[in-house]
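> Next come a sequence and a model predicted from it.
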Amino acid sequence: MEQKRRVFSGIQPSGNLHLGNYLGAINNWVRMQEEYDNYFCIVDLHALTVPQEPEELSRKVREVAAVYLASGLDPERCVIFRQSRVSEHAELSWLLNCVARYGELSRMTQFKDKAQKGGAEVASAGLFDYPVLMAADILLYNAHAVPVGEDQRQHLELTRTIARRFNHDYGETFVVPEPMILTTGARVMSLDEPKEKMSKSSPRPGSYISILDEPDKVRKKIRRAKTDSGSEIIATEDKPAIANLLGVYAGMTGEKIPEVERRYEGKGYGDFKKDLGEVVAEGLAPIRERTLELLDDPAELDRLLDAGAEKAREVAHPNLLRTWERMGLG
Ligand code: TYM
């Protein structure tokens, strides 16, 4: 039988999982899970790069696991696990730290943005180093493809650079992974500020739709979402708010944006937002309900994560040993 190509991706268990995480990442993972050999991680070590409340963090780990399952990831087809439970991630990260360059990390826009907000002087060294841990996540499994949202493109480019440099310096070791970024849903913007990406860490609950928001809250947030001047429902550059809402509609229904535009020709923003509120509320409701059910049995979620970590280690450990050998630590 032909070997399936391998996919790796992950989400940080911090803040509230939102519509951007769903449309940019989880929903695609669910759709392609049959075709690939899948590894989906809950990247708790990445979450530590900014301060976390310890109890809240362990609650969030289970919540992400429950959302993965409730969205339709099948543990028979996907290895679902916590990053910290497979210590090979942190170990490979150190080795790759000695391959990645300071200059490369200094150019990462996500670090620059985050550091600028909180002050670079007090940003953790982990925040600066975060893309190297992400490279370790991916290269440890020799993943061929990494399905993520647009905001991770630069980190994936760096992963590719690190893999190529390592292979050049120490001999062919790692698969150079391809980013898998969709055209619709890969960059969901804030509802109240369409120039800003929808973000987990936003202090404004009206800016994002959480996957766990009640249906009425979803409808209300969409009703209140910012719109542009004019009245046409088209995704043009001068209409960033409507373009974003059209992208959300298309992402949720699996249609193309032009199809949705055609359906709303001659109609107003009010009609469109009302329908969009339904589409999103109804799309998320079963995921929300199933997530809450799964969270009622935390021991079962922990068991699933432990079993996932064991399977992940079967791939991760030999790859770490090989990397040691290549670097002279064998
Ligand atoms: P994180 O936790 O910030 O986001 C998880 C996934 O959601 C996508 N995403 C979005 N997509 C569309 N619109 C948005 N507004 C939006 N916001 C977030 C992200 O692109 C991502 O796919 N560094 C990563 C986690 C990570 C990882 C990895 C991913 C760690 N190791 C290895 C892939 C492979 C992160 O912080 O994602």
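Done, it's in.

> Could I get the contacting residues of the residue sitting nearest the centre point of the chain?
Taking CA atoms, centre = their mean as the criterion, Ile11 is the residue nearest the geometric centre of the chain, at 4.5 Å. By CB atoms under 8 Å, 6 or more residues apart in numbering, Ile11 lies in contact with Leu17, Asn21, Ala25, Ile26, Cys41, Ile42, Val43, Val64. Where you see a C-beta, it was placed from the backbone N, CA and C, and this is true even at glycine.

> Select the longest helix from this structure.
In the chain, assigned by DSSP state H, the helix with the most residues is helix 298-327.

> need the residues of the chain near the ligand, please.
Residues of the chain lying close to the ligand by CB under 6 Å from any ligand atom are 8-12, 20-21, 23-25, 43, 46, 134, 137-138, 146, 148-149, 151-152, 186-188, 197-198.

> quick one: the residue nearest to Ser84 when sequence neighbours are not counted from the ligand, how far?
The shortest distance from Ser84 to any non-neighbouring residue, by CB to CB, 6 or more residues apart in numbering, is to Asp44 (4.9 Å). Distance of Asp44 to the ligand, computed by CB to the nearest ligand atom, to the nearest Å: 10 Å.

> Asp44: what's it in contact with?
Taking CB under 8 Å, 6+ apart as the criterion, Asp44 is in contact with Gln12, Pro13, Leu57, Val61, Arg82, Gln83, Ser84.

> go on, Gly283?
By CB under 8 Å, 6+ apart, the residues touching Gly283 are Met252.

> rerun at 10 Å
For Gly283, the contact set (CB atoms under 10 Å, 6 or more residues apart in numbering) comprises Leu19, Tyr22, Leu23, Asn27, Ile211, Pro215, Val218, Val248, Gly251, Met252, Thr253.

> Turn the residues you listed into JSON lines, including distance to Met108 and pLDDT.
Shown next, in JSON lines, are the contacts of Gly283 (distance: CB to CB, whole Å; pLDDT from 0 to 100):
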{"residue": "Leu19", "distance to Met108": "25", "pLDDT": "98"}
{"residue": "Tyr22", "distance to Met108": "25", "pLDDT": "98"}
{"residue": "Leu23", "distance to Met108": "24", "pLDDT": "97"}
{"residue": "Asn27", "distance to Met108": "26", "pLDDT": "96"}
{"residue": "Ile211", "distance to Met108": "27", "pLDDT": "97"}
{"residue": "Pro215", "distance to Met108": "38", "pLDDT": "98"}
{"residue": "Val218", "distance to Met108": "33", "pLDDT": "98"}
{"residue": "Val248", "distance to Met108": "27", "pLDDT": "98"}
{"residue": "Gly251", "distance to Met108": "26", "pLDDT": "96"}
{"residue": "Met252", "distance to Met108": "31", "pLDDT": "97"}
{"residue": "Thr253", "distance to Met108": "34", "pLDDT": "96"}
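
> Sounds good, over and out.
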